[in-house]
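Student: need the 3D shape of this:
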Amino acid sequence: MRYEPVDASIIGNRPDLVEWRVVGDTLNAGFDAGSYMDAAAFVRVIAELAEAMDHHPDVDLRYPAHVRVSTTTHATGGLTLHDIELARRISAVAPSHGLRADSQTIPKSGSDPSQTAD
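Tutor: As a prediction, the model looks like this:
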């Protein structure tokens, strides 16, 4: 598969990716659901989107109803158009599944993606 690297600085200028933050070589977002089961169902939606693109993010389901997503292109060691497209697709379907961006689950820029914002 051919990947086109992207400069992380373009992420902040995209209105379709406002919930996403660059942390190191990854693109990260957090989503809040109405319940744990709604969050779990959204993980499946993300898995289906990822499988269709053959581009698989790290997905973290947290109690009580949070989903964290982190994507990078391992083959290039950084962000590519595949990451942007996957993030765009996830953000596009989140509202129709009852999820919204949650600033408490979005990692701080430059921090460890496994840690939440303060």
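
Student: which residue is nearest the centroid of this structure?
Tutor: Centroid-nearest residue in the chain, with Cα atoms, centre = their mean: Val69, separated by 3.7 Å.

Student: what helix or strand does that residue sit in?
Tutor: Using DSSP states H and E, Val69 maps to strand 66-71.

Student: helices and strands around that strand, which ones?
Tutor: Counting contacts by 3 or more Cβ pairs under 8 Å, 6 or more residues apart in numbering; DSSP states H and E, strand 66-71 packs against strand 26-32, helix 36-53, strand 58-62, helix 81-93. C-beta: built from backbone N, CA, C; applies to glycine.

Student: now do the contacts for the residue nearest to the centre of the chain.
Tutor: Asn28, Ala29, Gly30, Phe31, Ile46, Pro57, Asp58, Val59, Asp60, Ala87, Ile90 (Cβ atoms under 8 Å, 6 or more residues apart in numbering).

Student: give me that answer again for 7 Å
Tutor: Residues in contact with Val69 (Cβ atoms under 7 Å, 6 or more residues apart in numbering) are Asn28, Ala29, Ile46, Pro57, Val59, Ile90.

Student: mind checking how far the first one is from Ser35?
Tutor: Summarising the geometry, the distance separating Asn28 from Ser35, computed by Cβ to Cβ, to the nearest Å, is 23 Å.

Student: same question for the last one.
Tutor: Distance of Ile90 to Ser35, given as Cβ to Cβ: 19 Å.

Student: the second one now?
Tutor: Noted for Ala29: a distance of 19 Å to Ser35, by Cβ to Cβ.

Student: so what pairs up with the residue nearest to the centre of the chain in the strands?
Tutor: Going by DSSP bridges, Val69 is paired in beta bridges with Ala29, Val59.

Student: ok, Ala29 and Ser35, which is more surrounded?
Tutor: The residue with more neighbours, out of Ala29 and Ser35, is Ala29; 24 against 11, by other Cβ atoms under 10 Å.
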